[in-house]
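S.K.: sequence-free structure coming up:
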Ligand SMILES: C[S@@+](CC[C@H](N)C(=O)[O-])C[C@H]1O[C@@H](n2cnc3c(N)ncnc32)[C@H](O)[C@@H]1O
């Protein structure tokens with residue numbers, strides 16, 4: 001399972017050193033639309049929810065995440081926002097008291113890798129196919145009819161290392177496997193390795209991902225297969 005325990009204490013500084021652009025993510029998520037009840041799957045330390053809650057204080061927002069250490073940081077960050085609720089839950093057993101108008105995940109449980117000139121593919125933090133089916137079914141059951149599912153996009157993964165804002169060096173290594181890939185995350189402070197985290201990802205071809213979602217009443221937006229790399233989310237509507 002995609003637990004981020006080892007990385008949690010360094011997650012914010014890695015992500016805000018240019019890995020993700022949170023204001024841009026929220027621009028892409030809202031994109032001028034009215035927003036009702038919102039649910040983020042895999043909210044991590046709450047960086048997206050913070051940006052969203054600041055802009056939309058009237059909107060009820062729920063965040064769930066599997067990793068208690070990530071969620072503890074989110075709880076602390078989001079305490080000032082009365083409209084935010086957080087829960088430690090695995091999406092495969094998701095149980096919330098009501099449905100949502102907008103469910104999204106960005107770098108969270110599921111996302112798409114988009115590369116110019118190639119069909120996108122779906123990446124999942126859930127390693128087994130059976131658990132993916134279970135999680136997708138639970139997720140879909142929490143979206144109201146006419147509601148939206150927005151799954152984030154990312155560029156292709158590759159090996160690299162670079163300094164981050166606190167002077168440490170972040171690096172990542174990708175190891176392809178039959179069902180997807182393994183990603184190793186490292187943080188080094190001079191000669192000392194302060195963090196190592198390994199996550200197993202399962203991947204699905206775009207057609208298969210859309211078929212699994214369509215079975216659950218989630219229809220991909222027109223031309224989703226041709227999503228440009230500049231678009232931060234691929235959208236689905238619950239019928
Ligand atoms: C890369 S982080 C993304 C966090 C946040 N969305 C952000 O953009 O900063 C992925 C998060 O997904 C969570 N996650 C992975 N598998 C999960 C599952 N089955 N159920 C709930 N959360 C999960 C991890 O615990 C981790 O916090």
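M.R.: Looks like it came in fine. What you see is a predicted model, and the numbers here were worked out from it, not measured in a lab.
S.K.: Just give the nearest non-adjacent residue to the residue nearest in space to the middle of the chain, would you?
M.R.: Among the residues of the chain, the one closest to the centroid is residue 108, at 2.0 Å (CA atoms, centre = their mean). Spatial nearest neighbour of residue 108, chain neighbours left out: residue 42 (2.4 Å); criterion: CB to CB, 6 or more residues apart in numbering. The C-beta positions use only the backbone N, C-alpha and C, and glycine is treated the same way.
S.K.: helix or strand right after the longest strand seen in the chain?
M.R.: Using DSSP state E to define each element, the chain has its longest strand at strand 192-205. Using DSSP states H and E, the helix or strand that directly follows strand 192-205 along the chain is helix 206-214.
S.K.: Please point out which parts of the helix or strand that comes right after that following helix sit buried.
M.R.: The first helix or strand that comes after helix 206-214 along the chain, using DSSP H and E, is strand 218-220. For strand 218-220, the neighbour count (16 or more other CB atoms under 10 Å) marks 218, 220 as buried.
S.K.: Do I have it right that the residue nearest to the centre of the chain meets residue 44?
M.R.: Yes. Using CB atoms under 8 Å, residue 108 is in contact with residue 44, at 7.0 Å.
S.K.: what does the average pLDDT come to for the longest helix seen in the chain?
M.R.: As assigned by DSSP state H, the longest helix anywhere in the chain is helix 129-141. Helix 129-141 shows an average pLDDT of 98 in the prediction.
S.K.: And it, how far out from the chain middle?
M.R.: Relative to the centre of its chain, helix 129-141 is centred 15 Å away, using CA atoms, centre = their mean, to the nearest Å.
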